[in-house]
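Trainee: fold the following for me, if possible:
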Amino acid sequence: MAARPEGLSRSVWRLLRTPVGPGYRGYLAFGWLILVLFLVQIVTGTLLSLYYQPSPDLAPESVRYVMRDVSWGWLIRGLHHWASFGMIALGLLVFLRVFLQGSYRGVRAANWYIGLCLMLLVICFASSGELLTWDDDAYWTVTRVLQKVASVPGIGPTAAEALRGEPEVAASTLSRIFSVHVLLLPWLTFFLVILNIWLLVQHRSKAPGQQG
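Mentor: So this is what the prediction gives:
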């Protein structure tokens with residue numbers, strides 16, 4: 001008889017209370033560090049959004065205003081910037097360890113693929129955040145990337161047009177990059193994190209004697 005699915009809060013609580021074997025504590029520590037950095041991203045990103053203006057004319061000045069005039073603004077932006085690269089570095093270390101141990105095989109293959117998707121989202125977070133400065137480097141980076149996307153056969157031109165928002169890279173493009181950075185990517189990340197936790201709970205409930 002199949003067990004009934006657990007509620008989200010009960011699943012998280014059960015996962016936190018499950019004993020972890022000594023061989024998995026290092027892996028768990030990396031996971032907690034990534035989570036802490038993600039929370040830093042949420043807090044600092046929310047604070048930065050209070051001052052950021054997603055407009056080609058105002059975006060560069062709003063960034064300079066945060067760095068120059070807002071109390072501790074330079075620190076908040078620095079934490080937001082380096083936390084994203086910290087997540088990428090720790091994520092790569094986790095993937096290397098999982099790959100070398102072969103833990104991506106078997107019942108945990110789904111968690112491996114979810115982790116890959118989360119890593120891709122983190123990279124998208126970092127890349128789109130760098131473009132929000134909308135200086136000359138960011139503008140030409142967006143232009144080159146969209147040209148490469150448009151060169152992909154089939155869906156490429158449509159995808160490039162959807163991202164650009166108008167015939168040329170302009171205000172609509174920046175607005176869409178900002179929306180992706182603060183709305184689409186966070187919700188996708190939240191959904192995948194919850195799915196990953198749920199799968200971990202299911203694995204442990206099916207193998208109660210297994211530690212980690």
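
Trainee: tell me which residues of the longest helix anywhere in the chain are tucked away?
Mentor: Secondary structure assigned by DSSP state H gives helix 73-101 as the longest helix of the chain. Residues 73, 76-77, 79-80, 83-84, 86-88, 90-91, 94, 98 are the ones in helix 73-101 that count as buried (16 or more other CB atoms under 10 Å). (C-beta placed from N, C-alpha, C; glycine too.)

Trainee: show the average pLDDT along it.
Mentor: Here helix 73-101 scores 89 as its mean pLDDT.

Trainee: quick one: that helix to chain centroid distance?
Mentor: Distance, stretch centre to chain centre, for helix 73-101: 10 Å (CA atoms, centre = their mean, to the nearest Å).

Trainee: mind listing what the residue nearest the centre of the chain touches?
Mentor: What sits nearest the mean C-alpha location of the chain, by CA atoms, centre = their mean, is Val122, with 3.0 Å. Contacts here follow CB atoms under 8 Å, 6 or more residues apart in numbering; on that basis Val122 touches 84, 87-88, 91, 189.

Trainee: read off the pLDDT value for it.
Mentor: On the pLDDT scale, Val122 gets 92.

Trainee: Ala109 now?
Mentor: 82.

Trainee: gap between it and Cys117?
Mentor: Counting by CB to CB, to the nearest Å, the separation of Ala109 from Cys117 is 13 Å.

Trainee: before we move on, back to that, a markdown table for the buried residues of helix 73-101, including distance to Phe38?
Mentor: Putting the buried residues of helix 73-101 into a markdown table (distance: CB to CB, whole Å) gives the following:
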| residue | distance to Phe38 |
| --- | --- |
| Gly73 | 21 |
| Ile76 | 16 |
| Arg77 | 17 |
| Leu79 | 12 |
| His80 | 12 |
| Ala83 | 8 |
| Ser84 | 9 |
| Gly86 | 10 |
| Met87 | 6 |
| Ile88 | 12 |
| Leu90 | 10 |
| Gly91 | 11 |
| Val94 | 13 |
| Val98 | 19 |
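
Trainee: what's the first-to-last distance across stretch 157-173?
Mentor: End-to-end span of stretch 157-173 (CA to CA, to the nearest Å): 15 Å.

Trainee: what's that stretch in contact with?
Mentor: Contacts to stretch 157-173, defined as CB under 8 Å, 6+ apart, come from residues 55-56, 139, 142-143, 146-147, 149-150, 152, 175-177.

Trainee: excluding chain neighbours, what is closest to Gln53?
Mentor: Sequence neighbours aside, Ser62 is the residue nearest to Gln53 in space, at 4.4 Å (criterion: CB to CB, 6 or more residues apart in numbering).

Trainee: more neighbours: Ala109 and Cys117, which one.
Mentor: Cys117 (14 against 11; other CB atoms under 10 Å).

Trainee: look at that one and tell me its secondary structure.
Mentor: Judged by DSSP: H, G, I helix; E, B strand; the rest coil, the three-state class of Cys117 is helix.

Trainee: next one: the one 10 residues further on
Mentor: Here Ser127 takes the helix state, with states given by three-state DSSP.

Trainee: show the pLDDT at it.
Mentor: So, for Ser127, pLDDT stands at 91.

Trainee: do the one 10 residues further on as well
Mentor: Model confidence at Asp137, given as pLDDT, is 92.

Trainee: state the distance from it to Ala150.
Mentor: Look at Asp137 and Ala150: by CB to CB, they are 20 Å apart.
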